[in-house]
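Enquirer: Please work out how this folds:
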Amino acid sequence: MASLDGICIRKRFFFKFAKDTKEYERNNSPTDDFIKLLRKEKVDIYTFIERRWCCPIVNSSKKWLKTSDNIALANISTYEEWMAQVGKKTRNMIRKAEKAGVKTQNVEPSDELAEGIWKIYNETPIRQERPFPHYGETLEQVKNMVFSPIEGIYIAAYFEDEMVGFIQLIFGDQIGVISQILALQRHNDKAVNNSLLAKAIEICAQRKIQWVMYGRIGNHPSLDKFKESNGFTKYPLTRYFLVLTGKGKLATTLGLQRELKDILPQWLKLRLLPLYKLVSKINNRRIIT
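Expert: Okay, here's the model as predicted:
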């Protein structure tokens, strides 16, 4: 990597932190030339992951700090094999969507797609008992996202000619990444998300994409259960931190390079979840009023 294409640089506390926005889609072992570019931008810490499922790093430096991370990963050979391994309950949910009349298909960016996503974004300010970050976005903002070039596709779900859900599926080097999967909550009884996910797996299998990623596992129990029921497992990986300056060294000494959600142990996250839900409900009432 000899350019800063796709690199996000932002201020965190008192230091500049850089991260590749496509780190799950492409290899991230930094070269000397790449490090020089980071130094020119006065970056203090650069973080990246090891894509061990396909491209393990064989020349890691002892100077790189590291910590454990994970992703929800499914190993795909054929759609039929995936259907066989997910279990009877998940297969029944996919059939339930079909019987209800839900249809899924690959769609091109369009005003119609943007309007459908916009309606889903603005259906409710709370999803999965948490504030939904896209709530309140304008149609113009959504159109800018939809028409932005991506290395991937959109899959839409329809019920009686209405768009009721969508997936944004990003393609990378030997991997498909589920970037967004959302459906109208008023159609929760139709297993729309199951239908969308099945279509994404089918498309990846057709394209001979062996690995499909669906976020992480460990931050949301109900969502984790959905991922696991659809053939995704917790795949451990290593996250590296490359310290470039004295400020960066101080920040890592204080542990500031990691997100709060990654620092907290799982048992504490589960205990804090009811409090988080309560705060979310209070904020939701403020938004509505």
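
Enquirer: From residue 259, how far out is the spatially most central residue of the chain?
Expert: Taking Cα atoms, centre = their mean, the centroid of the chain lies closest to residue 215, which sits 4.0 Å from it. Using Cβ to Cβ, to the nearest Å, residue 215 is found at 14 Å from residue 259. All C-beta atoms are positioned from the backbone trio N, CA, C, and that covers glycine.

Enquirer: Which segments of this protein make up each domain?
Expert: According to automatic domain parsing, the chain comprises the domains 7-69+236-288, 77-209.

Enquirer: could you give the mean pLDDT of the last one?
Expert: For domain 77-209, the per-residue pLDDT values average out at 96.

Enquirer: what do you get for stretch 28-47?
Expert: When pLDDT is averaged along stretch 28-47, the result is 93.

Enquirer: what residues does it touch?
Expert: 1-4, 7, 9, 15-20, 48-51, 57, 59-60, 239-245, 247-248, 251-252, 257 (Cβ atoms under 8 Å, 6 or more residues apart in numbering).

Enquirer: just the buried members of these?
Expert: 1, 4, 7, 15-20, 48-51, 57, 239-245, 247-248, 251-252, 257 (16 or more other Cβ atoms under 10 Å).

Enquirer: quick revisit: using TSV, please lay out the domains of the chain together with distance to residue 228.
Expert: Formatted as TSV, those follow (distance: least, Cβ to Cβ, whole Å):
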stretch	distance to residue 228
domain 7-69+236-288	15
domain 77-209	10
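
Enquirer: which one of these lies closest to residue 220?
Expert: domain 77-209 (6.4 Å; Cβ to Cβ).

Enquirer: if we can go back for a sec, which ones among the contacts of stretch 28-47 map onto helices?
Expert: Within the contacts of stretch 28-47, membership in helices is found for 247, 248, 251, 252, as judged by DSSP state H.

Enquirer: just checking, the second one touches residue 15?
Expert: Right, residue 248. Yes. Shown here, residue 248 and residue 15 form a contact pair, counting by Cβ atoms under 8 Å, at 5.9 Å.

Enquirer: ok so, going back, out of the buried ones among the contacts of stretch 28-47, which sit inside strands?
Expert: Among the buried ones among the contacts of stretch 28-47, DSSP state E puts 7, 15-20, 48-49, 239-243 in strands.

Enquirer: Just give me the closest of these to residue 144.
Expert: Of these, the one sitting nearest to residue 144 (Cβ to Cβ) turns out to be residue 7, at 20.9 Å.

Enquirer: list the contacts for the closest one?
Expert: 18, 19, 20, 21, 38.

Enquirer: The third one contacts residue 48, doesn't it?
Expert: Yes. In this structure, residue 20 is within contact of residue 48 by Cβ under 8 Å, at 5.9 Å.

Enquirer: Report back the residue of this protein that's furthest from centre.
Expert: The chain, farthest from centre, Cα atoms, centre = their mean: residue 246 at 32.0 Å.

Enquirer: can you pull the contacts of that one?
Expert: No contacts exist for residue 246 under Cβ under 8 Å, 6+ apart.

Enquirer: The same query, at a cut-off of 10 Å, please.
Expert: 15, 44 (Cβ atoms under 10 Å, 6 or more residues apart in numbering).

Enquirer: go on, residue 66?
Expert: By Cβ under 10 Å, 6+ apart, the contact list for residue 66 reads 49, 50, 60, 238, 239, 240, 241.

Enquirer: about what we covered before: shared neighbours, residue 20 and residue 48?
Expert: Counting by Cβ under 10 Å, 6+ apart, the common neighbours of residue 20 and residue 48 are 1, 7, 27, 28, 30.

Enquirer: Of those residues, just say which sits nearest to residue 79.
Expert: Closest to residue 79, out of all of the shared contacts of residue 20 and residue 48 and judged by Cβ to Cβ, is residue 27, at 27.5 Å.

Enquirer: can you pull out the strands in the stretch 101-250 of the chain?
Expert: 103-107, 126-127, 130-131, 152-159, 162-172, 175-183, 211-213, 233-243 (DSSP state E, counting those that start in this stretch).

Enquirer: and the gap between the spatially closest residue to residue 166 that is not a sequence neighbour and residue 128?
Expert: Spatially, and ignoring its direct neighbours in sequence, residue 166 is nearest to residue 156 (4.9 Å; Cβ to Cβ, 6 or more residues apart in numbering). Separation of residue 156 from residue 128 (Cβ to Cβ): 21 Å.
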